[in-house]
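In: For reference, the sequence and a predicted model appear below.
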4 protein chains.
Amino acid sequence: MLSITRLDIDDAHLLIKGARNKANEIGVPMCIAITDESGNLIAFERMNGGKTHSISIAQDKAFTAGAARKATHDYNAANVPGSLAFGIDTECGGRISSVGGGIPVVVNEEFVGGIGASSGTPQQDMEVAQAGIDYFLSNR
Amino acid sequence: MLSITRLDIDDAHLLIKGARNKANEIGVPMCIAITDESGNLIAFERMNGGKTHSISIAQDKAFTAGAARKATHDYNAANVPGSLAFGIDTECGGRISSVGGGIPVVVNEEFVGGIGASSGTPQQDMEVAQAGIDYFLSNR
Amino acid sequence: MLSITRLDIDDAHLLIKGARNKANEIGVPMCIAITDESGNLIAFERMNGGKTHSISIAQDKAFTAGAARKATHDYNAANVPGSLAFGIDTECGGRISSVGGGIPVVVNEEFVGGIGASSGTPQQDMEVAQAGIDYFLSNR
Amino acid sequence: MLSITRLDIDDAHLLIKGARNKANEIGVPMCIAITDESGNLIAFERMNGGKTHSISIAQDKAFTAGAARKATHDYNAANVPGSLAFGIDTECGGRISSVGGGIPVVVNEEFVGGIGASSGTPQQDMEVAQAGIDYFLSNR
């Protein structure tokens, strides 16, 4: 039998809070999604003004980060013509995201979930996702 | 131009809080989803112990309630062989739910969104969704 | 080679106009879709107040009516347990509709397209779709 | 509660009319789609001779422009290998379009919807979509 460690709902709220704070700080309302280590959604929030297409994108980024244990910007770097990973973004019915803004959550060297942010530029989304992780790691 | 009124993220948090309280009270951890008046997701929470298949179901119930302005148990009553609405549950790529647990949110006689709950029996899901609405209406 | 007769865009506008008039008369804003004899969309209109889930449903009804050359209420009658057609509503990725409100358009005994209406009861949707056909046949 | 401003059906008809006029002028029949600020379809027209694959493409472009508040040609510029947004076109089940021809509609600095055109070259589609917006802004 396996024993799995994963984010709980309070962890997810901390992650969202840290991301929301950063999104407010930079003035870009976002969609923020948190998944567990299997890529399944734990919590989601669309801030007032967050874009509707980002509802899916934030979840896809969090799914990718949580399930693949890889940041979407790392997939981005690999998703170039000639790379053996090229085309990875069409997998899982297109749910694999190679757009920056999805980052795995690691605790005690274990992958326990993922966070995804969307509505800004990929750089802004990455900044907001990272802020969620930083806040979580400092306050859990 | 049209002017539309919809739930904001604070409203969504109130709806989730009321639903979560009831789910805790009856001892059935749930997935709870809140959509706006167009059926687009505003907030989602999977309580610790909520079922993973309910991630989609709660969202589909909230989509149905918000977009169709109809409780999923009302669709349930209409979705019987011989009724002219039979088969409605396969529409919108299967996102229309005729399983009890999705209820529209009405403020000042306007449809402003929907709530969906899933993980218990349909009756439990309905009770939890209604508790979310009751809490929201009393505390907003 | 085949020669196909199908609705053109002016025909589609007449069909929508007749349906819209009836929807206004009964006070139920609708989504109205017109397809050609292959089931492909020609025109669509969401009246102010039409429901967002009906965007798909109206199109599915028109697709079914146009492509299957059959009213969705006829599929409804056949879509009962024990009937050999039972389950037809899940075909084509769920796009086959067995909910009343989709009617084929017939001119000179040829099937030339379909109309679908959604947002009311199935009976209202059927009434609105039929009004579109009646108006079209009288004014083309 | 949030208060949202979006295109109504008369606005949508003006947008389509302006786009259709330009499509006729350049002799390229098109599919033209109009969405609201959430990306949901308000109106659609396939001109006589418009291509059937464009039924989806025009709608996807309008969805992208309306929901993401961004022109599809701007996504096109960002959707290149090595850019952090590369792969954005596979998101939302492939509904995000990075093909020119989708443009958001802005009124009084508010994003109120989107227009998408398809059947010509991307440049022609962009020209037709822009003509729809220009006509709408001059005649509403």
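Out: Cool, got the structure. This is a predicted model, so every value here is computed, not measured. Numbers count the residues shown, from 1 in each chain, chains lettered A, B, ... in the order given.

In: From now on I want contacts and neighbour counts done on CA atoms only, so please keep to that.
Out: Noted.

In: Quick one: name the residues of chain A near chain C.
Out: Counting by C-alpha under 8 Å from any C-alpha of the partner chain, no position of chain A is adjacent to chain C.

In: which strand is the longest one in chain A?
Out: Ordering each strand of chain A by length in residues (DSSP state E) puts strand A:110-118 first.

In: Parallel or antiparallel, which strands does it pair with?
Out: In the sheet, strand A:110-118 lines up against strand A:31-36 (antiparallel), strand A:102-107 (antiparallel) (DSSP bridges).

In: from the ones you listed, which stretch is densest packed?
Out: strand A:31-36 (a mean of 34; mean count of other C-alpha atoms under 10 Å in any protein chain shown).

In: who touches that strand?
Out: Here strand A:31-36 makes contact (C-alpha atoms under 8 Å, 6 or more residues apart in numbering or on different chains) with A:6-7, A:12, A:15-16, A:19-20, A:41-47, A:50-51, A:54-55, A:58-59, A:62-63, A:66-67, A:112-119, A:129.

In: Between strand B:41-46 and the helix or strand following that strand, find me the angle.
Out: Remark: after strand A:31-36, the chain's next helix or strand is strand A:41-46, criterion DSSP states H and E. Angle, strand A:41-46 to strand B:41-46, by axes from the mean of the first three to the mean of the last three C-alpha atoms, to 10 degrees: 150 degrees.

In: any idea of the pLDDT on A:A131?
Out: Per-residue pLDDT puts A:A131 at 98.

In: Identify the residues contacting it.
Out: Contacts here follow C-alpha under 8 Å, 6+ apart; on that basis A:A131 touches A:18-19, A:22.

In: Please apply the same query to A:F44.
Out: A:16, A:31-34, A:59, B:42-45.

In: What residues are bridge-paired with it?
Out: A:A33, B:F44.

In: how close does it sit to chain D?
Out: Distance, A:F44 to chain D, by C-alpha to the nearest C-alpha, to the nearest Å: 16 Å.

In: can you check A:L84 too?
Out: Using C-alpha to the nearest C-alpha, one gets 14 Å for the distance from A:L84 to chain D.

In: chain center to the longest strand of chain A: distance?
Out: Computed by C-alpha atoms, centre = their mean, to the nearest Å, the separation of strand A:110-118 from the middle of its chain amounts to 4 Å.

In: Same question for stretch A:11-22.
Out: 11 Å.

In: looking at chain A, which helix or strand is least sure?
Out: Here the helix or strand of chain A ranked lowest by mean pLDDT, DSSP states H and E is helix A:91-94, holding a mean of 93.

In: which of the residues in that helix are buried?
Out: Across helix A:91-94, burial judged by 16 or more other C-alpha atoms under 10 Å in any protein chain shown covers A:G94.

In: Could you tell me how many residues sit around whatever residue of chain A ends up closest to chain C?
Out: Going by C-alpha to the nearest C-alpha, chain C is nearest to A:T52 of chain A, at 13.9 Å. Counted with other C-alpha atoms under 10 Å in any protein chain shown, the neighbours of A:T52 add up to 26.

In: so A:G114 makes contact with A:V107?
Out: No. If you go by C-alpha atoms under 8 Å, A:G114 and A:V107 don't touch, sitting 11.4 Å apart.

In: A:Q59 - nearest residue in space that isn't next to it in sequence?
Out: Nearest non-adjacent residue to A:Q59, counting by C-alpha to C-alpha, 6 or more residues apart in numbering or on different chains: A:A33, 5.3 Å away.

In: Check A:G87 too.
Out: A:N79 (6.3 Å).

In: who's in contact with the one you found?
Out: So A:N79 contacts A:85-89, A:98, D:81-82, D:86 (C-alpha under 8 Å, 6+ apart).

In: Next one: it from A:G102, what distance?
Out: Distance, A:N79 to A:G102, by C-alpha to C-alpha, to the nearest Å: 15 Å.

In: Stretch A:19-39: which residues count as buried?
Out: By 16+ other C-alpha under 10 Å, the buried positions in stretch A:19-39 come out as A:19-23, A:28-39.

In: thinking the residue of chain A closest to chain C is in contact with D:A68, fair?
Out: Yes. Using C-alpha under 8 Å, A:T52 is in contact with D:A68, at 7.1 Å.

In: Show me where chain A has its helices.
Out: A:9-26, A:53-68, A:72-78, A:91-94, A:122-139 (DSSP state H).

In: what's next to the third one, contact-wise?
Out: By C-alpha under 8 Å, 6+ apart, the surrounding residues in contact with helix A:72-78 are A:61, A:64-65, A:84-86, A:88, A:97-103, D:82-87.

In: what's the pLDDT at A:T121?
Out: Here, the pLDDT recorded for A:T121 equals 98.

In: what's stretch A:81-92 in contact with?
Out: For stretch A:81-92, the surrounding residues in contact (C-alpha under 8 Å, 6+ apart) are A:75, A:78-80, A:95-98, D:81, D:87, D:90.

In: will you turn those into TSV that also has pLDDT?
Out: Output for the contacts of stretch A:81-92, formatted as TSV (pLDDT from 0 to 100):
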residue	pLDDT
A:Y75	96
A:A78	96
A:N79	96
A:V80	95
A:R95	96
A:I96	96
A:S97	97
A:S98	97
D:P81	95
D:G87	95
D:T90	94
